[in-house]
Each structure stands twice: as structure tokens, then as C-alpha cells.
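A.B. asks: Could you look at this predicted model? Sequence included:
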Amino acid sequence: MTTTASSIAHDDTADLPQLPFPREDVLRISPLYERLRAAGPVTRVRTPAGDVAWLVSRYEEAKALFADRRLGRSHPRPAEAARVSDAGVMAGPTGDHEHEDADHASMRRLLTPAFSAKRMRLLHDRVAELAEALVDDLVAAHERGEDPVDLHAGFSVPLPIFVICELLGVPVEDRAYFKDLSERLATLTGDDPAVARDELQRYTATLAETKRAEPGEDVISDLVAAQAQDPRLTDERVAELTAGLLFAGHETTVNRLSLGVLLLLVNPEARDRLVADPAGEVDGIVEEVLRLAEPGGMGLLRYAHEDVVVGEGDEQVTIPAGDAVVIVTSAANRDRGAFDDADTFDPDRAPNPHLSFGHGPHFCIGASLARTELRVGLSTLFTRLPGLHTAVDPSELSLHTERLTGGLDALPVTCAPRP
């Protein structure tokens, strides 16, 4: 018999698993995901906001639901929708429910050229220059006797920020300001995330006005120019899109850079291969970093726009229209039914069809940008600093569990050769 939310609506939900799940360390996800995968194709959980959502942790179901157009980011009654948290992004429904598909298609047509693989190849040399300069700073700190240094603050944070500033046309001198806003709006609780979101959108609206008067070769200028052909691309929508790009365009790569470095440091054979042959090894390494590095663990939020049946036979479950669905890519990427030795860092894994950028119509538009930054960042760092190693045991490192995007608090390293 098919299970539905209505048939279990009167069940006690007090004992539902509570997101975010506790983790053993920064390189592993919660063991609870494996038990939930065994329990069924989807399971109910309680979000940090206190609402109930369907959690997806199996690979096949995650892939199918990413591609299922019956799920979206909007809700017909936003005030009644379950929320994941109080964060200023990815916390509840977004967009116009009636026009979601059309708005999404329009946005992708507009932004795809800016984030295309061809554009990223052209950006490669500039990313390399920025990475080299940041490594120069790390080397200088080492020569001044300042080891250990915080690689997270000194390399992983500034590299994606400098790149997204250039791509969008954001003044690089504003980086500390919008980084602070990004961290505040990603906080899971309280009223400040909404305040930070509004302030970030006011800031991006000001940037758009500047580009309207003095356009440049950048994404914000492209958005402003496109308003003449698209009446739905209002000033408010441009500000929202720009704020979203500014936030997503650096936060996730910042955190995956640091975790990628750590994954290589605890897998010295892979690190040595990268040092010996960066051009030949970096692509496989980056894909494994993307598969295994999990900065946060909250998953991606969707809403069922109509009833959706998941699973087969006795496991079949119906997700009713309007219910929240949280797809946890980090759990799907470790599903032993989809990946051999799923918890092992294996740069030779082929194919490696991880879901870290989603799948289907909402596949992350910034995937090429993230891959470029990770390839350049990791290869530059380990080519220049082959003796790089952690200054503390990895078990002592911690994540920002209070933020939606997670990420390491710090990554203390020393640039000195190992004795």
C-alpha cells in the first residue's frame, strides 16, 4: 500500500530525526544517513525551523527528483510552506509559483553565456594569477616565521571572492562588507538573516544603478541591459539575482577549497600524484573533492507541486503536493548502491556521476566556475607548496554548524617541509 503524508499526519512527530545531523568529523557525514537510506526512499525529518520535511538520501531517488519538474522552489501558499530554517537564503519557498518555470528558463538563457565552459577557460589565467599571489602571501608569512597560518582565511576565502568580484563587476574593495553580509544571511536562526538579506539586496541594487550609468564587461551589466527586452526582469529582480549570484558564487567554493585541501592532506598518495602531475591528475581529484567535501549538510530544498510517488513496491511513498523535500547530495554521493567504496577518496573513479551540482533543469549554472577555481586553486597550492601539512590533527577541526553553508572555522597549516 502506498504511504502518504495524510495517512501519517496524526502520527507523533516528536521523535523525528532533527536536521542538521551530528557528524563524526569534518570529512564524514552523519552515520544516520545510512540508516535512513535503508529505511526507505524518503523519510520524514524535522528541520531547524521546527517544520516537517521529506528527506532524500538515496542516489537514484535524489537524481530522479532533481530532474522531476513536479518539484520546484516555489509554493502556491508561501506563508503555509514548511521552512528549513530562518536563514536569508534557501530557507523557504522562492519565486512566483505561477511563472516559476518560465522565470527559471529566462534566467538560465540570460546567465548561461557568462558561466559557460568557454568563458571559464578564458577566466582560467586570471584565476591562476590570483592563486599565485595568494600563495606568495602564504610563503611570505612562513618566511616571517608566522607558521602556522590559517589557509582557510588566507587562501580559500579570498580566491573565490576575488573571482566572483571580477565576473559580476563588484568592487573588490567591498569584499569584506559583502562577505560579512553573506555569513549573516546564512545563519540558521534569529532575525538577523532577513536583515542581512535586505541589506545585501539594497547593495546589489546600488551596483545595478552604477552599471546602468557606466556598463562594463560583467554579469551585472548584462542583467541591466537585458531589462529592455524582458519586462519581468524588474529592478527588484535584478537585485535579487545579483545577490544570489554573489552569495552562491563564492560561499560553496570557499568551503570546498578548504575541505579539498584537507582531503588531499589525509590522502597523501593522491596529493603526491597531484604534485607530480598536476595537469594529468587534477580533474579526477576535483571530482572526488566535489563528491566527498560536505561543508554543511542541510541539503537542497524543493516543494512538491503535485503528488509525487517515490520508490517501488512495498517501499512506495507518496509525497503530497505542497510538502517540502530536502535532497541531501552529500548522502546520495556516498550511497554504496551507486558508488563502489563510496567513502573512499578515489581520484581514478570513473565514471563519477556525483550530484554535487544537482541534476536536470536546475543543474548548477556555476558548475564550470567552481570546477575552474578548484582545479586552479588545488594545483597551484600543492605545486608551490608540496610540503604543506596541517598544524593540528584533523580531528580537532570544526565546522560552522550554525550556518547554512557550514564550512571550516579555520584550517591551520604550516608551509615548512616535513622533517
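C.D. replies: Arrived safely.

A.B. asks: How much space separates the residue nearest to the spatial centre of the chain from E294?
C.D. replies: Nearest residue to the geometric centre of the chain (C-alpha atoms, centre = their mean): T252, 4.0 Å. Counting by C-beta to C-beta, to the nearest Å, the separation of T252 from E294 is 11 Å. Where you see a C-beta, it was placed from the backbone N, CA and C, and this is true even at glycine.

A.B. asks: ditto for L123
C.D. replies: For L123, the distance to E294 - C-beta to C-beta - is 26 Å.

A.B. asks: More neighbours: which of the two?
C.D. replies: E294 (24 against 19; other C-beta atoms under 10 Å).

A.B. asks: now stretch 126-136: mean pLDDT?
C.D. replies: Averaged across stretch 126-136, the pLDDT comes to 96.

A.B. asks: which residues of the stretch 1-150 of the chain fall in strands?
C.D. replies: Using DSSP state E, counting those that start in this stretch, the strands of the stretch 1-150 of the chain run over 3-4, 43-46, 52-56, 71-72, 149-150.

A.B. asks: could you say what helices and strands the longest helix seen in the chain packs with?
C.D. replies: Counting residues, the longest helix found in the chain (DSSP state H) is helix 235-265. When contacts are defined as 3 or more C-beta pairs under 8 Å, 6 or more residues apart in numbering; DSSP states H and E, helix 235-265 sits against helix 158-168, helix 175-185, helix 192-213, helix 219-226, helix 268-276, helix 278-292, helix 367-384, strand 389-390.

A.B. asks: show me where pLDDT drops low in this protein?
C.D. replies: 1-14, 416-419 (pLDDT under 70).

A.B. asks: still on that earlier bit, from the strands of the stretch 1-150 of the chain, which stretch is densest packed?
C.D. replies: Most buried of the strands of the stretch 1-150 of the chain, by mean neighbour count (mean count of other C-beta atoms under 10 Å): strand 52-56, with a mean of 24.

A.B. asks: before we move on, the earlier item: my guess is the residue nearest to the centre of the chain contacts P295. True?
C.D. replies: Yes: when contacts are counted by C-beta atoms under 8 Å, T252 is listed as touching P295 (7.0 Å).

A.B. asks: give the contact list for L290.
C.D. replies: Residues in contact with L290 (C-beta atoms under 8 Å, 6 or more residues apart in numbering) are 256, 354, 356-357, 370-371, 374.

A.B. asks: Which of those residues ranks first by neighbour count?
C.D. replies: R256 (27 neighbours).

A.B. asks: leaving aside the residues next to it on the chain, what's closest to that residue?
C.D. replies: Using C-beta to C-beta, 6 or more residues apart in numbering and skipping the chain neighbours, the partner closest in space to R256 is A293 (4.7 Å).

A.B. asks: same deal with S368?
C.D. replies: M120 (4.2 Å).

A.B. asks: what's near enough to touch the one you found?
C.D. replies: When the contact criterion is C-beta under 8 Å, 6+ apart, the partners of M120 are 368-369, 371-372.

A.B. asks: List just the nearest of these to R28.
C.D. replies: Closest approach to R28 among the contacts of M120 (C-beta to C-beta): R371, at 23.6 Å.

A.B. asks: is it true that the closest one touches V282?
C.D. replies: No: taking contacts as C-beta under 8 Å, R371 lies outside contact range of V282: 9.8 Å.

A.B. asks: show me where the stretch 301-419 of the chain has helices.
C.D. replies: For the stretch 301-419 of the chain, helices defined by DSSP state H, counting those that start in this stretch occupy the ranges 329-332, 367-384.

A.B. asks: ranking those by burial, who's on top?
C.D. replies: helix 329-332 (a mean of 26).

A.B. asks: before we move on, back to that, ok, which of the helices and strands packed on helix 235-265 comes nearest S85?
C.D. replies: helix 192-213 (8.3 Å).

A.B. asks: Quick one: distance of that closest one to the chain centre.
C.D. replies: 22 Å (C-alpha atoms, centre = their mean, to the nearest Å).

A.B. asks: which other helices and strands contact it?
C.D. replies: Packing partners of helix 192-213 (3+ C-beta pairs under 8 Å, 6+ apart): helix 175-185, helix 219-226, helix 235-265.

A.B. asks: quick one: the second one to chain centroid distance?
C.D. replies: So the one you mean is helix 219-226. Between the centre of helix 219-226 and the centre of its chain there are 24 Å (C-alpha atoms, centre = their mean).

A.B. asks: need the contact list for the nearest residue to S30 once chain neighbours are set aside.
C.D. replies: Of all residues not flanking S30 in the chain, F21 sits nearest, at 3.5 Å (C-beta to C-beta, 6+ apart). For F21, the contacting residues are 29-30, 32-33, 297, by C-beta under 8 Å, 6+ apart.

A.B. asks: Who are the contact partners of the residue nearest to G92 when sequence neighbours are not counted?
C.D. replies: Counting by C-beta to C-beta, 6+ apart, R83 is the residue found nearest to G92 once chain neighbours are left out, at 4.2 Å. Shown in contact with R83 (C-beta under 8 Å, 6+ apart): 47, 49, 51, 91-92, 324.

A.B. asks: now with 6 Å?
C.D. replies: 49, 51, 91-92 (C-beta atoms under 6 Å, 6 or more residues apart in numbering).

A.B. asks: Could you report the distance from it to G72?
C.D. replies: According to C-beta to C-beta, R83 stands 16 Å off from G72.

A.B. asks: go on, V328?
C.D. replies: With C-beta to C-beta as the criterion, V328 and G72 are 18 Å apart.

A.B. asks: can you check S356 too?
C.D. replies: 20 Å.
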